[in-house]
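A.B. asks: build me a model:
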Amino acid sequence: MVHADVLILGGGLVGSTLALALDRHGLSVIVVDPADPAVTLAPGFDGRASAVASASHRMLEAIGVAERLAGQGCAIRQIRVSDGLEPGKLDFIPDADDGALGTMYENRAIRRALADAIGESGVDFRSLTRATSVDRSTSGVRATLSDGSEVTASLLVAAEGRNSPTRAAAGIATAHWRYDHAAIIGAFHHERSHENIAYEIFYAAGPFALLPLVDDADGHRSAIVWTVKAAHAPGMLKLGDRGFLAEAEQRMGGFLGALSKASPRASYPLGFHHAATITAERLALVGDAAHGIHPIAGQGLNLGFRDVAALAEVLVEGRRLGLEPGDAQLLARYQRWRSLDTMLVAGATDTLTRLFGIPGRAASAVRRLGISAVDAIPPLKNRFMAEARGESGALPKLLQGMLV
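C.D. replies: Residues are numbered from 1 along each chain as shown. I've put the predicted structure just below:
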């Protein structure tokens, strides 16, 4: 029977990052993931792209992942927010010596970099496998896997995503609701350069986000996260490329010129959930198992990375004090550290979603007034930029680019 300090259920972006962070600090890790790497690492799998905040990027550098992403990311040097195409905008532009606000990567690139790093690490990664039974007790964690083997650990980490069966089995309640929205995701080429600007254009039906990607042999590219009414999503997916690009160009007002070469598109429903607690006996939740938010601010993956950095620091410092990873004191510290931050971010994104979704010219005028006011108040803009960088609050050492 194999024993590890930490057993992680779920080997997605957050689960794999946590495994590497712990391994980098000398903790033994088993990752159990049901996905088939031949599928998840294939070029056509998951067309999403993610904005990795500058603080999150420092963690990827510290654990040896960022070097594997060299040349595949596009720096976000400015964020422009507007209410539709009406006059008035809010530009977040950091000082030249402050660096980028974040870096856009296609998820497939991050997934490949993590897989390659894990392949050269001490992480015991078990793909095409799931836990068929898990027992948590005061003495430790024991799991039977689908291949018939048994493993034990001091701590169980659930990184299984929004519908975490481990969270449900632990009886952890969640606040959750569905928005009447779906996100259409994809990418396309455009005539003019995006100049490393991310655009967030708010319409009553939902935000329309354009996210800069690295140019390729065919020219300039951007990813799109287009929020539409849930009932309209199937029709949007059925549109041919020409019709889809025409609709997108209309929403953009043509400011990037003609659009072309639309990528395959996908849609997923949008919702909110927040776990009442992110710990239980010898259990910690990370990423979407703990919280799920609207993509309006692009902070979903970064919230998960902040979980990783905090939990890794708590466990590593606990080890130095002679405490095992499943110790209740360490889990209580992780709960305290992450609960306020996740609640504030989740509440802010939900409020923004509802505020910008109010229809009517009067509501639009009020929003434009608010956008102009924020644009004119440097301290407030700096606060928003700190949030975008993931640099607010008590930063774990990994998010500062240091090992614990």
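
A.B. asks: surely Arg112 is within a helix?
C.D. replies: Yes - residue state for Arg112 (DSSP: H, G, I helix; E, B strand; the rest coil) corresponds to a helix.

A.B. asks: okay, it and Ala75: tell me how far apart.
C.D. replies: Between Arg112 and Ala75 the distance, using CB to CB, to the nearest Å, works out to 20 Å. Heads up, the C-betas are built off the backbone N, CA and C, glycines and all.

A.B. asks: for Ala158, same thing?
C.D. replies: 33 Å.

A.B. asks: which one of those two has more residues nearby?
C.D. replies: Each of Ala158 and Ala75 had its neighbours counted (other CB atoms under 10 Å), and the higher figure belongs to Ala158 (30 against 16).

A.B. asks: what ranges of the chain fall below the confidence cut-off?
C.D. replies: Scanning the chain for pLDDT under 70 picks out 88, 296-298, 343-344, 346-389, 391-393.

A.B. asks: in it, which residue is closest to the centre?
C.D. replies: Central residue of the chain (CA atoms, centre = their mean): Leu301, 1.1 Å from the mean position.

A.B. asks: was I right about that one contacting His57?
C.D. replies: No - with contact defined as CB atoms under 8 Å, Leu301 does not count as touching His57 (11.5 Å).

A.B. asks: can you give me the helices for the stretch 201-350 of the chain?
C.D. replies: Per DSSP state H, counting those that start in this stretch, the stretch 201-350 of the chain has helices spanning 233-238, 241-252, 300-320, 328-356. These are given in chain order.

A.B. asks: so which bits of the third one are buried?
C.D. replies: Spelled out, that is helix 300-320. The neighbour-count check on helix 300-320 (16 or more other CB atoms under 10 Å) flags 300-316, 318-319 as buried.

A.B. asks: ok, now stretch 215-230?
C.D. replies: Along stretch 215-230, these residues count as buried under the neighbour rule (16+ other CB under 10 Å): 220-228, 230.

A.B. asks: what about Ala109, how many residues nearby?
C.D. replies: By the measure other CB under 10 Å, the count of residues near Ala109 is 17.

A.B. asks: do you know how far it is from Leu128?
C.D. replies: Taking CB to CB as the measure, Ala109 falls 23 Å from Leu128.

A.B. asks: swap in Gly64?
C.D. replies: Here Gly64 is placed at a distance of 25 Å from Leu128 (CB to CB).

A.B. asks: just Glu317 next, same as before
C.D. replies: Distance from Glu317 to Leu128, counting by CB to CB: 34 Å.

A.B. asks: repeat for Ala168
C.D. replies: Here the distance between Ala168 and Leu128 works out to 23 Å (CB to CB).

A.B. asks: equivalent analysis for Ile224, please.
C.D. replies: Per CB to CB, Ile224 is found 32 Å from Leu128.

A.B. asks: my read: Asn342 touches Ala290, true?
C.D. replies: Check again: residue 342 is Thr, not Asn. Yes - using CB under 8 Å, Thr342 makes contact with Ala290 at a distance of 6.8 Å.

A.B. asks: ok, these two, which is more surrounded?
C.D. replies: Ala290 (28 against 20).

A.B. asks: need the contact list for the closest residue to that one other than its chain neighbours.
C.D. replies: Once its chain neighbours are removed from consideration, Ala290 has its nearest residue in Ile278; the separation is 4.5 Å (CB to CB, 6 or more residues apart in numbering). Residues touching Ile278, when contacts are defined by CB atoms under 8 Å, 6 or more residues apart in numbering, comprise 284-286, 290, 307, 334-335, 338-339, 342.

A.B. asks: format the residues you listed as JSON lines; extra columns: distance to Leu245.
C.D. replies: JSON lines is the format used below for the contacts of Ile278 (distance: CB to CB, whole Å):
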{"residue": "Ala284", "distance to Leu245": "44"}
{"residue": "Leu285", "distance to Leu245": "40"}
{"residue": "Val286", "distance to Leu245": "38"}
{"residue": "Ala290", "distance to Leu245": "37"}
{"residue": "Asp307", "distance to Leu245": "37"}
{"residue": "Tyr334", "distance to Leu245": "46"}
{"residue": "Gln335", "distance to Leu245": "47"}
{"residue": "Arg338", "distance to Leu245": "41"}
{"residue": "Ser339", "distance to Leu245": "43"}
{"residue": "Thr342", "distance to Leu245": "37"}
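
A.B. asks: other SSEs contacting the longest strand along the chain?
C.D. replies: If you go by DSSP state E, the chain has its longest strand at strand 174-190. Here strand 174-190 touches strand 219-229, helix 233-238, strand 259-260, strand 266-275, going by 3 or more CB pairs under 8 Å, 6 or more residues apart in numbering; DSSP states H and E.

A.B. asks: out of those, which gets nearest to Gly12?
C.D. replies: With CB to CB, the closest approach to Gly12 among the helices and strands packed on strand 174-190 belongs to strand 266-275: 14.5 Å.

A.B. asks: quick check, Ser193 in a strand?
C.D. replies: No - checked against three-state DSSP, Ser193 lies outside a strand; its state is coil.

A.B. asks: so who does the closest residue to it other than its chain neighbours touch?
C.D. replies: In space, and not counting its chain neighbours, Ser193 is closest to His220: 5.2 Å by CB to CB, 6+ apart. When the contact criterion is CB under 8 Å, 6+ apart, the partners of His220 are 189-194, 256.

A.B. asks: repeat for Gly271
C.D. replies: Contact partners of Gly271, counting by CB under 8 Å, 6+ apart, are 162, 176-179, 292.

A.B. asks: how near is it to Ile172?
C.D. replies: Gly271 sits 17 Å away from Ile172, going by CB to CB.

A.B. asks: repeat for Thr342
C.D. replies: Where Ile172 is concerned, Thr342 sits at a distance of 14 Å (CB to CB).

A.B. asks: next: Gly10.
C.D. replies: 16 Å.

A.B. asks: between the two, tell me which one has more neighbours.
C.D. replies: Here Gly10 and Ile172 are set side by side on neighbour count (other CB under 10 Å), and the busier one is Gly10, at 27 against 20.
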